[in-house]
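Peer 1: whatever this is, show me its structure:
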Amino acid sequence: MSNVHRVVEQISYVEAIKRAKSLATIIRERGKQAEELRQQPKETIQEIVDSGLIRLLQPKKWGGHELFFDSLVDTTIEIAKADPSSGWCFTLLGLHSFMLAGWPEKAQEDVWSKNPNALITSAFAPIGKMDHLEDGVRLSGSWSFSSGVDHSEWAMVGAFQPPEKAGMPPKHLMLLVPREDYQIIDDWHVAGIEGSGSKTITIVDAFVPNYRIVDLVGWSKFNDIPGTIVNKAPMYKLPVMTVIGHFLASAVLGAALGAYDLWKETSKKKVAIYTQNQVTQFTHQQIRLSECSVELDAADAILHQSIEQLRTTEHLTAEKKVLLARNFAYVAKVGSKVTGRLFENSGASSIYSHNPMQRFWRDTQIMSMHAALNFDMAGENFGRVELGVPLDPKNILI
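Peer 2: Reported below is the predicted structural model:
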């Protein structure tokens, strides 16, 4: 990419939102193109990089803006309003900059000293196979759902390591590997968020040094975060698995808000075929819109309330973690449900492929199916804590 070594000027939260809204204008026009490509257009990725928004959560040490989580949440909402797949890719690429800040300094140097705008994909499922060596591991495996992989220079992939001693938790490891160590399998033929390009990556016997391996259990359960030695800002001390869901939920909420705006503007121009009445005159449509509006407002308030709790809390208890997980999973559930209701009330023309409403509907349903946004799981954990029932000991990340 051009100008990758250019130092990006420090920007404020307000400026970040302004830039996201500017990007959204052209991203909206490329929504159908992204779906047809089954990945983000190169132009979109380049514009995101050039805007500096990819560095929102990146440490200042590496030329990042080191803004708080609301900067990524709210820019994601603006971009997802324009196109859900673009918002999904954007938030994950931004999230991975935050995650890399938790790796040992040498790993950060491997990535950002060469390219401070480096894009990183991920695949969290702990399915990699490892052969341990003195200074690292030999890694093999195939991981699905790696969003934005076509544009990324690095990948974070998961592997499982059994407990070292009886009574100790297992380790959910994440390993950082460069682009030359993995192959992309073009298998992303799916029902929704096609524009995310979430293809499968395959690794065969790649060497990963120890300093490019982190333990998500240590990071999320025991606050063992190597990167905090050099990255001192309080947000880098927070458990990664509690943080992640807020960004994913913001993409779903943004897409639902985009569907709401689309429905509202389209309805103003529609006339019922048989009665020739304007759709906006129908009481049931007015009430339906009101229901959607208040539910989206409530979801937005819950999401931002949770972000503020992260801002003011340096150490999260298990009780706080399950509360926040309940919140962001519910935000995603509301976003999916509201978009479904809007689609159902959009009329027969909404089923055509040229109508973006059907894409918003499909994309929000698929995004909300992400494991991190599973409300049944989050609700069970919250309910256990509320009722004084011990958490499942197999849940190793809380």
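
Peer 1: now do the strands in the stretch 151-300 of the chain.
Peer 2: In the stretch 151-300 of the chain, the strands defined using DSSP state E, counting those that start in this stretch lie at 154-161, 171-178, 183-185, 199-209, 213-215.

Peer 1: nearest to I54, out of the ones you listed?
Peer 2: strand 154-161 (13.2 Å; C-beta to C-beta). For every residue, glycine as well, the C-beta is placed using N, CA and C.

Peer 1: which residues touch the closest one?
Peer 2: 96, 99, 111, 118-130, 139, 141, 143, 146, 149, 170-179, 182, 201, 203, 216 (C-beta atoms under 8 Å, 6 or more residues apart in numbering).

Peer 1: for the strands of the stretch 151-300 of the chain, which one sits closest to I26?
Peer 2: I26 sits nearest to strand 199-209 of all the strands of the stretch 151-300 of the chain, at 24.2 Å, using C-beta to C-beta.

Peer 1: in its sheet, what does that closest one sit against?
Peer 2: Pairing partners of strand 199-209, with direction, according to DSSP bridges: strand 136-146 (antiparallel), strand 183-185 (antiparallel).

Peer 1: need the next SSE after the helix or strand that contains H96, C-terminal direction.
Peer 2: Assigned by DSSP states H and E, H96 falls within helix 84-100. Where DSSP H and E defines the elements, the next helix or strand beyond helix 84-100 is helix 105-112.

Peer 1: so that following helix versus strand 171-178, what angle?
Peer 2: 40 degrees (axes from the mean of the first three to the mean of the last three C-alpha atoms, to 10 degrees).

Peer 1: quick check: next helix or strand after helix 105-112?
Peer 2: strand 120-132.

Peer 1: quick one: distance of the helix holding H96 to the chain centre.
Peer 2: Here the centre of helix 84-100 is set off from its chain's centre by 5 Å, with C-alpha atoms, centre = their mean, to the nearest Å.

Peer 1: then that helix to PDB, C-alphas only?
Peer 2: Extracted in PDB, the C-alpha atoms of helix 84-100 (Å, rounded to 0.1, in the frame of the first residue of the first chain):
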ATOM      1  CA  PRO A  84     -22.500  -4.000   7.200                       C
ATOM      2  CA  SER A  85     -19.600  -6.000   5.800                       C
ATOM      3  CA  SER A  86     -17.400  -3.000   5.600                       C
ATOM      4  CA  GLY A  87     -18.200  -2.100   9.200                       C
ATOM      5  CA  TRP A  88     -17.500  -5.700  10.300                       C
ATOM      6  CA  CYS A  89     -14.100  -5.700   8.600                       C
ATOM      7  CA  PHE A  90     -13.200  -2.300   9.800                       C
ATOM      8  CA  THR A  91     -13.900  -3.100  13.500                       C
ATOM      9  CA  LEU A  92     -11.900  -6.300  13.400                       C
ATOM     10  CA  LEU A  93      -8.900  -4.700  11.800                       C
ATOM     11  CA  GLY A  94      -9.100  -1.900  14.400                       C
ATOM     12  CA  LEU A  95      -9.500  -4.400  17.200                       C
ATOM     13  CA  HIS A  96      -6.400  -6.400  16.100                       C
ATOM     14  CA  SER A  97      -4.300  -3.200  16.600                       C
ATOM     15  CA  PHE A  98      -5.500  -3.200  20.200                       C
ATOM     16  CA  MET A  99      -4.700  -6.800  20.500                       C
ATOM     17  CA  LEU A 100      -1.200  -6.600  19.200                       C
END
